[in-house]
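Engineer: Based on what follows, work out the 3D shape:
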Amino acid sequence: MTIPTGFIDAICRDPDDLTPRLVAADWLEEHGDTARAEFIRVQCELAELLDGVQPHHHHSLDMICDPDSPEDQAWKHRVWKLQERERELSWITSHSDHCFGLLPLPDDWTFRRGFVEEVACSKQLWLEHGPRIVRAAPIRVVRVTDVKPWQTINLYSLTTESHHRVSEHGNEDDSVFPEEWTDYMPQKSRTRWHHSLTKGSYWLKSPDDPLSDLFSAALAWARKEAEYE
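Structural biologist: Prediction:
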């Protein structure tokens with residue numbers, strides 16, 4: 001069942017607010033789609049219960065719970081129950097019409113808090129359809145699958161006037177960083193990134209993900225085009 005665009009727009013405009021998601025769940029239940037309504041509620045409650053818990057602890061709660069604390073044990077068992085129900089309802093996540101409608105499908109997508117919040121797709125698909133995708137689902141993370149870490153060496157020197165880059169083979173390549181995204185790149189010093197050239201490959205010596213700022217820029221551009229920013 002397709003959720004009315006008014007509900008989806010409210011969710012996409014403020015992805016951090018759970019209230020519009022729960023209102024959408026109520027509407028789905030009233031119109032007979034009880035499974036999807038429950039899925040949204042389960043994921044929303046899980047998000048609240050696991051807020052502040054590191055992802056690698058989500059399935060090893062005994063490591064962070066006090067065995068002598070009734071509160072910790074009650075919390076743990078509630079999370080376990082919700083996680084089990086989430087798995088039982090996971091078939092819902094394979095139904096692309098729940099979020100993308102007639103839009104081209106990304107390579108991969110992840111549901112959080114009842115809706116698609118993360119997608120992985122090619123640069124070209126995001127350039128052509130990114131703004132419409134962020135109007136269809138509350139996307140919080142986009143991963144561009146055809147950009148490699150070594151291509152981000154000059155990420156912080158990008159400007160709209162100079163977005164052409166030279167590849168590791170010395171050939172000019174203007175396809176790595178779409179010009180549309182460059183206005184959304186953070187103004188960080190290039191000295192933050194230290195690199196060496198070893199056997200024709202860049203080895204990044206930074207604790208940060210070299211692609212994260214590019215992905216954030218791609219999402220910020222799409223949200224701006226969608227008139228959500």
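
Engineer: need the contact list for the one residue sitting closest to the centre of the chain.
Structural biologist: In the chain, the C-alpha nearest the mean C-alpha coordinate belongs to Val141, at 2.1 Å (CA atoms, centre = their mean). The neighbours of Val141, taking CB atoms under 8 Å, 6 or more residues apart in numbering as the test, are 110, 117-119, 215, 219. All C-beta atoms are positioned from the backbone trio N, CA, C, and that covers glycine.

Engineer: Render the CA-only coordinates of the longest helix along the chain in PDB, please.
Structural biologist: If you go by DSSP state H, the chain has its longest helix at helix 70-88. Only the C-alpha atoms of helix 70-88 are listed here, as PDB (Å, rounded to 0.1, in the frame of the first residue of the first chain):
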ATOM      1  CA  PRO A  70      16.500  -5.600  36.800                       C
ATOM      2  CA  GLU A  71      16.300  -2.400  34.700                       C
ATOM      3  CA  ASP A  72      19.100  -3.600  32.400                       C
ATOM      4  CA  GLN A  73      17.700  -7.000  32.100                       C
ATOM      5  CA  ALA A  74      14.200  -5.800  31.300                       C
ATOM      6  CA  TRP A  75      15.700  -3.400  28.600                       C
ATOM      7  CA  LYS A  76      17.700  -6.200  27.100                       C
ATOM      8  CA  HIS A  77      14.800  -8.600  26.800                       C
ATOM      9  CA  ARG A  78      12.600  -5.900  25.300                       C
ATOM     10  CA  VAL A  79      15.300  -5.200  22.700                       C
ATOM     11  CA  TRP A  80      15.700  -8.900  22.000                       C
ATOM     12  CA  LYS A  81      11.900  -9.300  21.500                       C
ATOM     13  CA  LEU A  82      11.800  -6.400  19.100                       C
ATOM     14  CA  GLN A  83      14.800  -7.600  17.200                       C
ATOM     15  CA  GLU A  84      13.200 -11.000  16.700                       C
ATOM     16  CA  ARG A  85       9.900  -9.400  15.500                       C
ATOM     17  CA  GLU A  86      11.900  -7.100  13.100                       C
ATOM     18  CA  ARG A  87      13.500 -10.300  11.600                       C
ATOM     19  CA  GLU A  88      10.100 -11.900  11.200                       C
END
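
Engineer: what packs against it?
Structural biologist: Here helix 70-88 touches helix 34-49, going by 3 or more CB pairs under 8 Å, 6 or more residues apart in numbering; DSSP states H and E.

Engineer: Can you point out the buried residues in the helix it packs on?
Structural biologist: Neighbour-count burial for helix 34-49 flags 36-46 (criterion: 16 or more other CB atoms under 10 Å).

Engineer: what does stretch 89-97 give?
Structural biologist: For stretch 89-97, using 16+ other CB under 10 Å, the buried residues are 89, 92-93.

Engineer: on that earlier part again, pLDDT score assigned to the residue nearest to the centre of the chain?
Structural biologist: Note on Val141: pLDDT of 92.
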